[in-house]
Structure formats: structure tokens, C-alpha cells
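Visitor: Predicted structure and sequence below. I'll ask about it afterward.
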Amino acid sequence: MSNDFSFAINSINFDENYRPSDNSRITTNFANLARGESRQQNLRNTLAMINNRFNALAHWDNPKADRYSVELEIISVDMKVQGNEIAFPSIEILQTYIVDHITKQRIAGIVGNNFSSYVRDYDFSVRLLEHNKGQAKFSIPEDFGDLHGKLFQYFLNSDTYQQNFKKLPVICLSVSDNKTYRQTENQHPILGVEYQPNESSLTETYFKKMGFEVRYFMPPHCAAPLAFYFFGDLLNDYSNLELIGTISTMESFQRIYRPEIYNANATAGKIYKPNLKNLDHSVTQIVYDREERSQLAVAQGKFTEENFIKPYQAILEEWSASYAS
């Protein structure tokens, strides 16, 4: 593999003492939870929610529902371009670990889960807006997501990724509130009932350029389906505990970020249309600033434009044109 880009991985524990590093994406969900007066209580409550959900799903040989706990590491990936010494903060993902308090094992779970990306901020919050400025009808640039998708696949194929992670990532996101989902006959003991959307979305298209496929499942006792982006065979490539680690972590985050959908008082039916204006939901005791996060995505998209896209434009265009994913 050529040395067009090099990667460095840093990790920090997501626990009740977590403080975002100075170069962490401040729109990352974890960072948003870990600021302000409520930061430590936020973190404790979030971790308790994750552990409770994990034990509820991994209920076999677990009579007191306290056999397992989940540990989380935020993985930050920095990237350097062709010998430039300045590292650009590329993506942040999440690594789960499952601690079995009976066997005293610490089992590596799935990497991925959450997905934060500076270049994605640029694509959605800067480039897409500029492309549609003054246009009567919304449209998407023909090569939208190409560079980001190729950079991500280049990272997955890198020695850095192979040396640090044994399996390919799974990203778990919220369903879209502008699509309708229909329940299928397919059911998995851990992932739950499968749903299918009525149409593809821009997010699906974007992640497809990164190499991901997507399936939608509603785990047992979850209020709504979750979107699972994966490589290979989602149902057979990962163990039950690995899948439960991802579900318990990301469903808990979604209950905080999207309570109208994932903390709804009614469960999704056979035909389901998510509604962010749903008033019939419960709010967690965890403080989260959704409005601030959307504003900061624009700021970080512009940061990416000034510090990555513009300075390396010629290199990036030449590399992207020649790179075969």
C-alpha cells in the first residue's frame, strides 16, 4: 500500500471521570454529555443505563441482572497527508469491552458504534449547503461522499487498523424521521425483529460509499428500530455478547439524544414512521444540548474546509481519482 496517508490512534476511557481532550470533536455525543455542572452525574447515569440494558438482554445465567458491565473507549484517529507533520483529526469511533464478573474476563466487543467525522461535517454542513444555495430544488453533488468513503476504506485497509482491531466495525444509528419502516417476518434472538425502509436515504448512500451495508432491527423491549451499518454478515460475524454491547450502548445514547423515538411510551408497530415531535415520551435525567450540537457541526465543517480540504485540495483530488476502493 502506498503511503499517501498515515494514521495514528489515540484512545481515552469514557467513564465518570471523562473529560474531552482539547482536540476532540466538541459535537461528539460523548463530549456534549461531559460538560457543564451535571457532567459527572450525566456520565454515571449514562453508564448505569448501558449496564442495566446489557444485563437485561444477556439474561441467561444472570439471575440478579448484574453479571456484566460495559467499558467504553473513545478511539480518535488522526491522519497525516503525504509527509506533512501536522496531523488532522479524522474520525472518532467507540470500542466496547464487556466485563464478566463471574469469569473475571474482559472481552473486546465491537468497534465502531458511534461515528464522528470532520470530513462528514464538511460534506453535510458546508458543501451540501453551498451546492444548494439559490437552487429551487434540492440536489446532491454527483461525487458527494466519494472522498470521505475512500479515505475511510483506506483507513480500514491500513496496517494501523489491522494491528489494533480484529474485526470490521459496526455503526449503530437512529432511524430517519422522513422514512416509513415495515416489520418483516425475520427475527434474531438478540437483534430482534427486522424492519425494512420504504426508500433509501442520503445517509445510507453516504455510508455505502464507505463500504457499509445497512439493516434495521428492533431489539427486544426497544421502542423503535435501530440502523446497523456493517460489513460482511451482521448476524453471524459477531457473538451475542458483542452485539449486546453495541445495542446497549447505542440504544442508551439514542434514548438521551432522541427520546421522542427511543424513549417513547409506545413501541413501534408493524408500520412505523419515526416522529421527532412525538410528545408521548419520557425524558432521561441526563442533560444534552441538541441545538448546540447542530450549530457546532457547521463550525467544524468550516474548520475542515480551511485546514484540510483547501490546503490539500490538489493532493486529495489526484489521490481520490486514482484510488480504487
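Guide: Now that the structure is in, tell me what you want to look at.
Visitor: Excluding covalently adjacent residues, which one is nearest to residue 51?
Guide: residue 69 (4.9 Å; C-beta to C-beta, 6 or more residues apart in numbering). Yep, even glycine has a C-beta here, placed from its N, CA and C like the rest.
Visitor: burial measure for the one you found, as a count.
Guide: Neighbourhood size, residue 69 [other C-beta atoms under 10 Å]: 17.
Visitor: Tell me the spacing between the residue nearest the centre of the chain and residue 136.
Guide: Of all residues in the chain, the one closest to the mean position by C-alpha atoms, centre = their mean is residue 114, 2.2 Å from it. Residue 114 sits at a distance of 36 Å from residue 136 (criterion: C-beta to C-beta, to the nearest Å).
Visitor: and stretch 134-146, how far from the chain's centre?
Guide: The chain centre lies 24 Å from the centre of stretch 134-146; the measure is C-alpha atoms, centre = their mean, to the nearest Å.
Visitor: ah, wrong one, I meant stretch 204-223
Guide: That offset, for stretch 204-223, works out to 10 Å (C-alpha atoms, centre = their mean).
Visitor: Report the buried residues of it.
Guide: 204, 206-207, 209-212, 214-219, 222-223 (16 or more other C-beta atoms under 10 Å).
Visitor: Next up, phi/psi of residue 49, please.
Guide: Main-chain torsions, residue 49, degrees, to the nearest 10: phi -60, psi -40.
Visitor: Next: the one 3 residues further on.
Guide: Recorded main-chain torsions at residue 52 are phi -60, psi -40, according to degrees, to the nearest 10.
Visitor: before we move on, what about the one 5 residues further on?
Guide: Backbone torsions for residue 57, taken as degrees, to the nearest 10, come to phi -80, psi -40.
Visitor: my guess is it meets residue 241, correct?
Guide: No - under the criterion of C-beta atoms under 8 Å, residue 57 makes no contact with residue 241, lying 9.4 Å away.
Visitor: Among these two, which residue is more densely surrounded?
Guide: In terms of neighbours (other C-beta under 10 Å), residue 57 is the more surrounded of residue 57 and residue 241; the figures are 24 against 18.
Visitor: Now the residue nearest to that one when sequence neighbours are not counted: which helix or strand?
Guide: Leaving aside its sequence neighbours, residue 57 sits nearest to residue 244 (C-beta to C-beta, 6+ apart; 4.6 Å). If you go by DSSP states H and E, residue 244 is part of helix 240-257.
Visitor: so what secondary structure elements neighbour the helix or strand that that helix is followed by?
Guide: Using DSSP H and E, the helix or strand that follows helix 240-257 in sequence is helix 259-262. Helix 259-262 sits against helix 240-257, with contacts defined as 3 or more C-beta pairs under 8 Å, 6 or more residues apart in numbering; DSSP states H and E.
Visitor: Return the set of buried residues in the helix it packs on.
Guide: If you call a residue buried by 16+ other C-beta under 10 Å, then helix 240-257 has these buried ones: 241-257.
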